[in-house]
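>>> 3D, please:
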Amino acid sequence: MQKNQMLNLLIKKILKAHKLKSHENIIVGITGYVASGKSRIASQLCEKLKISLINVIYLPFDYWINGDSLNSNTYAKRFYLKDFANALKSIKNNNFWMCPRYDLIKQKWFEKKLSEIQFESSKKFWQGRYFKKIKTCQQISDTQFGSGIYIDMDSKQPYTLVKPTSRTLYLIDGTLIAQNMIKHYYDLIIFVDCSWVNRVAGMIRRFNRKEVFSQTTLNLEEYTSFLIEEAKKYADKEIWDQKDKNMFLIKHFPDTISNFLDLYYLRQQIIKMPNLTKKYYISKKEINQVISQAEKNFLSLKKTELLSTLKDELLHLTESKHLLDINNIDRIFQNLNQILKM
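Numbers count the residues shown, from 1 in each chain. Have a look, this model is predicted:
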């Protein structure tokens with residue numbers, strides 16, 4: 001089944017759950033490996049669901065990062081998992097909850113200014129802890145779903161107050177969102193699988209297009225090496241351990257011309273710096289195999305509504321090819337033209 005067909009099937013399942021539970025909040029989780037395409041699928045689902053006039057709140061799991069434990073020896077310890085579980089419980093019970101607000105750059109600002117922060121009289125008690133509201137702060141703004149910034153008086157970390165909702169679809173996108181202790185809160189869980197080559201290309205894309213959750217002082221090689229080592233040592237196993245037969249499995253592959261070109265950029269990096277072969281656990285041969293498979297996938301999209309979108313994207317990229325740092329780009333575009341038969 002093509003990815004677009006799977007997305008349409010997912011929409012039908014979500015709308016059915018929303019109709020059956022007409023007075024409840026619906027929680028849909030999208031889990032899978034780092035750089036597997038979870039956020040793209042979440043974005044596509046959000047866009048399609050909003051057409052159906054459903055109130056959708058998108059929750060990236062990155063908000064629950066524990067900035068003080070990024071060097072822990074397990075992947076799970078790098079998140080506020082207890083807070084996350086309590087948030088899901090509160091959503092299902094139509095209660096308010098507190099969302100942590102991790103952001104590397106803003107966190108540094110916050111730690112410097114903590115002693116100068118002025119509090120309002122408003123405070124909340126949640127899960128055995130007190131949270132005091134701070135006065136308006138431009139450096140830490142509200143989220144699309146939150147109301148005000150509060151400080152956990154125990155940890156001194158910033159949180160957003162999320163007010164109770166009803167008949168709302170919460171779409172949660174992240175790696176460790178489907179642990180055994182919280183799976184029962186979800187109405188549907190999607191597991192996104194993706195080849196290792198495409199994942200590494202995705203990591204590079206994130207860095208080059210500044211799509212990382214927060215800014216970084218690392219260079220490209222340092223950034224990707226960090227993610228790759230983390231995936232190989234900890235994350236991949238812990239993420240895979242969540243998977244079960246009840247999840248809706250999606251196999252993600254490049255479905256845009258830009259993401260297809262990421263593979264050529266990755267191959268170019270490997271050719272320029274052969275030492276990356278070991279660092280990235282990848283070979284030029286493997287990249288060529290994935291490029292060939294991606295071309296076959298594009299051929300399968302020719303009879304779908306995505307064809308015109310791909311043609312438009314290719315036309316725009318061709319017009320700006322001088323901005324692309326990819327060798328033999330003319331030959332690549334000629335091949336794509338032939339595949340799409342423009």
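>>> please, which helix or strand holds residue 150?
Secondary structure assignment for residue 150, by DSSP states H and E: strand 149-152.
>>> can you pull out the low-pLDDT segments for the stretch 51-200 of the chain?
Per-residue confidence for the stretch 51-200 of the chain (pLDDT under 70) gives these ranges: 53, 103-114, 136-145.
>>> all helices of it, in order?
With DSSP state H, counting those that start in this stretch, the ranges of helices along the stretch 51-200 of the chain come out as 81-92, 104-113, 196-208.
>>> please name every helix or strand in contact with the longest one.
For helix 196-208, the packing partners by 3 or more CB pairs under 8 Å, 6 or more residues apart in numbering; DSSP states H and E come out as helix 220-230, helix 257-272, helix 284-300. (C-beta placed from N, C-alpha, C; glycine too.)
>>> swap the cut-off to 10 Å and go again
Secondary-structure packing of helix 196-208 (3 or more CB pairs under 10 Å, 6 or more residues apart in numbering; DSSP states H and E): helix 38-51, helix 220-230, strand 248-252, helix 257-272, helix 284-300.
>>> just to revisit the earlier point, kindly export the strand holding residue 150 (C-alpha atoms) in PDB.
As requested, the backbone C-alpha atoms of strand 149-152 are provided in PDB (Å, rounded to 0.1, in the frame of the first residue of the first chain):
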ATOM      1  CA  ILE A 149       4.600  30.400  32.000                       C
ATOM      2  CA  TYR A 150       5.000  28.800  35.400                       C
ATOM      3  CA  ILE A 151       8.000  27.700  37.500                       C
ATOM      4  CA  ASP A 152       8.100  24.300  39.200                       C
END
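>>> look up how far residue 199 lies from the residue nearest the centre of the chain.
When CA atoms, centre = their mean is applied to the chain, the residue found nearest the centroid is residue 39 (3.5 Å). Distance check for residue 39 against residue 199: by CB to CB, to the nearest Å, it reads 13 Å.
>>> then residue 78?
Applying CB to CB to residue 78 and residue 199 gives a distance of 18 Å.
>>> try residue 71
With distances taken as CB to CB, residue 71 is found 22 Å from residue 199.
>>> tell me which of the two has more neighbours.
When residue 71 and residue 199 are compared on other CB atoms under 10 Å, the one with more neighbours turns out to be residue 199, at 21 against 7.
>>> now the more buried one, nearest residue through space, not along the chain?
Distances taken as CB to CB, 6 or more residues apart in numbering place residue 35 nearest to residue 199, at 4.4 Å, with adjacent residues excluded.
>>> wait, the one you found sits on residue 236?
No. Between residue 35 and residue 236 there is no contact, the gap being 11.1 Å when judged by CB atoms under 10 Å.
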